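**Student:** pasted the sequence and its predicted model underneath.
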Amino acid sequence: MSKYLYLYRGPATPMEDFTPEQGEAQMKAWTEWMGKAASAIVDQGNPLVPKASVRDDGSATKPSDQNGYTIVEAADLDAAQALLAGHPFLSEGKGRFAVEIFEIQPM
């Protein structure tokens, strides 16, 4: 089994900007997904804020729209990708959101 990093990328709305009903619906969707993937989740993750980006020449640049992460354990990349079925971050269906998957290589 290997560990895989999910990086959530897209124009996500901060939780504090949701109405109470929207926040409850979001939490329910995430809780349901985590319940389905429970045995594979190593670290459920957290949002990534604030953001900055520094180039190798020392200059600042606009940071990417990475906004959270999760770490899972799976047999291979295909299995890690399959765990994303029904993931709430990918529910909009307009192509604005993505989950990038990286295998974490042990040192």
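**Tutor:** Sure, I can see it.

**Student:** what's the helix or strand bottoming out on mean pLDDT in the chain in contact with?
**Tutor:** Taking mean pLDDT, DSSP states H and E as the measure, the chain has helix 20-36 as its least confident helix or strand, at a mean of 93. Where contact means Cβ atoms under 8 Å, 6 or more residues apart in numbering, the residues beyond helix 20-36 that reach it are 15, 18, 41, 44, 86, 87, 88, 91. Just so you know, the C-beta spots here come from the backbone N, C-alpha and C atoms, and that holds for glycine as well.

**Student:** if I look at the residue found closest to the second one once you drop the neighbours it is linked to in the chain, how far off is residue 78?
**Tutor:** In this case it means residue 18. The shortest distance from residue 18 to any non-neighbouring residue, by Cβ to Cβ, 6 or more residues apart in numbering, is to residue 26 (6.4 Å). The spacing between residue 26 and residue 78, counted by Cβ to Cβ, to the nearest Å, is 28 Å.

**Student:** among these two, which residue is more densely surrounded?
**Tutor:** Of the pair residue 26 and residue 78, residue 26 is the one with more neighbours under other Cβ atoms under 10 Å, namely 17 against 8.

**Student:** show the buried residues in the contacts of helix 20-36.
**Tutor:** Buried residues within those, defined by neighbour count using 16 or more other Cβ atoms under 10 Å: 41, 87, 88.

**Student:** filter those down to the ones in helices?
**Tutor:** Counting by DSSP state H, the buried ones among the contacts of helix 20-36 place none of their members in helices.

**Student:** tell me which of these is nearest to residue 59?
**Tutor:** Relative to residue 59, the closest of the buried ones among the contacts of helix 20-36 is residue 87; by Cβ to Cβ it sits at 35.1 Å.

**Student:** no further questions, thank you.
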